[in-house]
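Colleague: Got a sequence here, can you model it:
(one chain, ligands or ions: 1)
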Amino acid sequence: MAGRVCPWWMAYTFDNPLRHFIHKPEKLLGPYVQKGMTVMDIGCGMGFFSLGMARLVGDSGRVLSVDIQQKMLDVLKKRARKAGVLNRIQLVKCEPGTISVEARVDFILCFWMVHEVPDSAAFFQQLRQHINQNGRVLIAEPNNHVSDADFEKTVRLVQESGFILADRPKISMSKAALFVAHTA
Ligand SMILES: C[S@@+](CC[C@H](N)C(=O)[O-])C[C@H]1O[C@@H](n2cnc3c(N)ncnc32)[C@H](O)[C@@H]1O
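Modeller: Alright, predicted model coming up:
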């Protein structure tokens, strides 16, 4: 595992009830995630956004919550059970270079995780393999860890992987960009 990966215990410093004052998952993702969709939260951590995504897709939808750390997925499982949405969530333990998911999805969230990925160009090419035509990808990176220049490099790499930059949503404490998968 790369040294700069957020250790599971550190996730409690930002994934706690106070975070709802700055990030409101259903409001933030509501424009992109609809009932019945299959969506992916990659680098889901303890599932702050996966739970909101599960409410948005409803009983007919599915959330693939993917992370390289089993401990993150274990906490997410407990939270999802408590929230009554575990039946909508598939927990996937992956390796840093391999997403390990068979399905194609309608929406992918990468929240505060891309800067932890060792080979981001290869990572975005994998995302392209896992998204439906016209599917959308939302990338948000933390202001305190990622410079404007580095974020613009990320935007270029995503575009080079077959996505169109569609929007620059305003997200608190973050730099963010929304992409749409090219139609072939
Ligand atoms: C800073 S945390 C953010 C967690 C969550 N997205 C949130 O906003 O609360 C980054 C997460 O990305 C995961 N991660 C890092 N590299 C990854 C990779 N290559 N594939 C999947 N997950 C990864 C880490 O294990 C960690 O759980």
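
Colleague: which is the next helix or strand following the longest strand along the chain?
Modeller: The longest strand of the chain (DSSP state E) is strand 131-142. Counting by DSSP states H and E, the next helix or strand C-terminal to strand 131-142 is helix 148-160.

Colleague: and the angle from that next one to strand 131-142?
Modeller: 180 degrees (axes from the mean of the first three to the mean of the last three C-alpha atoms, to 10 degrees).

Colleague: Which strands and helices lie in contact with helix 148-160?
Modeller: If you count contacts as 3 or more C-beta pairs under 8 Å, 6 or more residues apart in numbering; DSSP states H and E, helix 148-160 packs onto helix 120-129, strand 131-142, strand 163-167, strand 174-181. To be clear about C-beta, it is placed using only N, CA and C from the backbone, and glycine gets the same treatment.

Colleague: Report the angle between the third one and helix 148-160.
Modeller: Angle between the axes of strand 163-167 and helix 148-160 is 130 degrees (criterion: the same axes, to 10 degrees).

Colleague: residues making contact with strand 163-167?
Modeller: Outside strand 163-167, the residues that touch it by C-beta atoms under 8 Å, 6 or more residues apart in numbering are 124, 128, 136-137, 155, 158-159, 177-182.

Colleague: my guess is R62 contacts L86, does it?
Modeller: No - applying C-beta atoms under 8 Å, one finds R62 not in contact with L86, separated by 11.8 Å.

Colleague: so where's this protein uncertain?
Modeller: 1-3, 183-184 (pLDDT under 70).

Colleague: Those residues of it touching the ligand, which are they?
Modeller: Contacts of the chain with the ligand, taken as C-beta under 6 Å from any ligand atom, map to 5-6, 11, 15, 42-45, 48-49, 66-69, 72, 94, 96, 111-113, 116-117.
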